[in-house]
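Asker: Provided below are the primary sequence and the corresponding predicted coordinates.
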Amino acid sequence: MMEQQLKQLKEIVSKVNPEAIQTKRNPKFLCVSSGKGGVGKTNFSINLAYILANHFNKKVLLIDADIGVGNVHVILNIPLIKSLKEFFEGKDIKENIIKVKNFDLIPGFSGIDSISDMENINLNYLIKRLDEISEEYDYIIIDTAAGIGKEVINFILPSDKTYIITTPEPTALTDAYSLIKSVFKIYSYSNFKIVINMCKSEEEGIETFERLSSSCKRFLNLELNLAGILPFSENLKKSVISRTLISESYKTDSTDSFTKNLIKIAKKETGEDIKRENKESFFKKLFSFIK
């Protein structure tokens, strides 16, 4: 019964958006998604972009693809001088890129003012233009909306891999499973990297991943990969309130476990060691040598 329903759903999607079924994956696209909101998805995306650019010397483009409710610019504390809205209104994508903290950003936008605004949103053309400019980057990180909407799926399918952000909370875990199941069953997409966020301990993170992993193995015959475990962090709360980046405020030689663990995820992603030493650490060593 379930297989028949999924087959019918795939046929419906292929009629509404035939390009989605035939999407070619771009090896530079990293999609970041979640089953529900409030799990730290956007903070993960922004800090990953910062770390890849500033610690691994990667050329990164971050796009706020939460259509109509974008908030990356709010977290980064920058004015919304350019956004995806201008792209959908006809400006070339390169005209909507701004430089921030050593990486490129295409901000999203908040609110849709009219039906014509909705009609202007052509995600297939956006993905086409991102694909065309991808040769200029090492990574294009796509921060999607939460949930299993058409917009989310449109960004997952062309991505080489998708980071699924979840937490130990039962509803977050259930919704993460639902997202994975839908995309896997309908589109045979399987390259998911799981990040367990807001953990009280590493043991809680591992246990949470194993619950999600065993469900996917048992019911979908799908093996999941654990990208990393991120702890609940008071420093992150402080950073959000002050509108600063935790990965910028707490450097690699700090005691902040959130930043350290996120750097481990970036290291896994690149397969490389950190290329750029932070300035504070460099000067400490320099003065130590002089003494």
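Answerer: That came through, no problem. Residues are numbered from 1 along each chain as shown.
Asker: and the most centrally placed residue in the chain, what does it touch?
Answerer: The chain has residue 32 as the residue nearest its centroid, 2.4 Å off, counting by Cα atoms, centre = their mean. By Cβ atoms under 8 Å, 6 or more residues apart in numbering, residue 32 lies in contact with 41, 44, 45, 48, 141, 142, 143, 144, 162, 163, 165. Placement of C-beta: from N, CA and C, glycine included.
Asker: any chance of the residues you listed in CSV, with neighbour count and distance to residue 249 too?
Answerer: Formatted as CSV, the contacts of residue 32 follow (neighbours: other Cβ atoms under 10 Å; distance: Cβ to Cβ, whole Å):
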residue, neighbour count, distance to residue 249
41, 25, 20
44, 23, 16
45, 27, 17
48, 26, 16
141, 26, 20
142, 26, 25
143, 28, 20
144, 26, 26
162, 25, 28
163, 24, 22
165, 27, 21
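Asker: now, which of the residues you listed sits nearest residue 183?
Answerer: residue 162 (7.8 Å; Cβ to Cβ).
Asker: So which residues of the stretch 51-200 of the chain form helices?
Answerer: 72-76, 84-88, 115-120, 123-133, 150-156, 170-187 (DSSP state H, counting those that start in this stretch).
Asker: Can you pick out the ones from the contacts of residue 32 that are in strands?
Answerer: Counting by DSSP state E, the contacts of residue 32 place 141, 142, 143, 144, 162, 163, 165 in strands.
Asker: Could I get the contacts of residue 32 in TSV, plus columns for distance to residue 208?
Answerer: TSV is the format used below for those (distance: Cβ to Cβ, whole Å):
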residue	distance to residue 208
41	16
44	16
45	20
48	20
141	24
142	24
143	22
144	22
162	18
163	15
165	12
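Asker: Which residue ranges of this protein form strands?
Answerer: Taking DSSP E, the strands of the chain run over residues 26-33, 60-65, 98-100, 103-106, 139-144, 159-166, 192-199, 225-231.
Asker: Minimum distance to residue 152: which of the ones you listed has it?
Answerer: Nearest of the strands of the chain (Cβ to Cβ): strand 139-144, 4.7 Å.
Asker: thinking in terms of the whole chain, how far from its middle is that closest one?
Answerer: 5 Å (Cα atoms, centre = their mean, to the nearest Å).
Asker: and what of stretch 45-63?
Answerer: With Cα atoms, centre = their mean as the basis, stretch 45-63 stands 11 Å off its chain's centre.
Asker: mind listing what's buried in that stretch?
Answerer: By neighbour count on 16 or more other Cβ atoms under 10 Å, the buried set for stretch 45-63 is 45-56, 58, 60-63.
Asker: sorry, back to before: could I get the strands of the chain as a markdown table with mean pLDDT and distance to residue 177?
Answerer: Formatted as a markdown table, those follow (pLDDT from 0 to 100; distance: least, Cβ to Cβ, whole Å):
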| stretch | mean pLDDT | distance to residue 177 |
| --- | --- | --- |
| strand 26-33 | 98 | 13 |
| strand 60-65 | 97 | 22 |
| strand 98-100 | 97 | 34 |
| strand 103-106 | 98 | 30 |
| strand 139-144 | 98 | 17 |
| strand 159-166 | 98 | 9 |
| strand 192-199 | 98 | 11 |
| strand 225-231 | 98 | 15 |
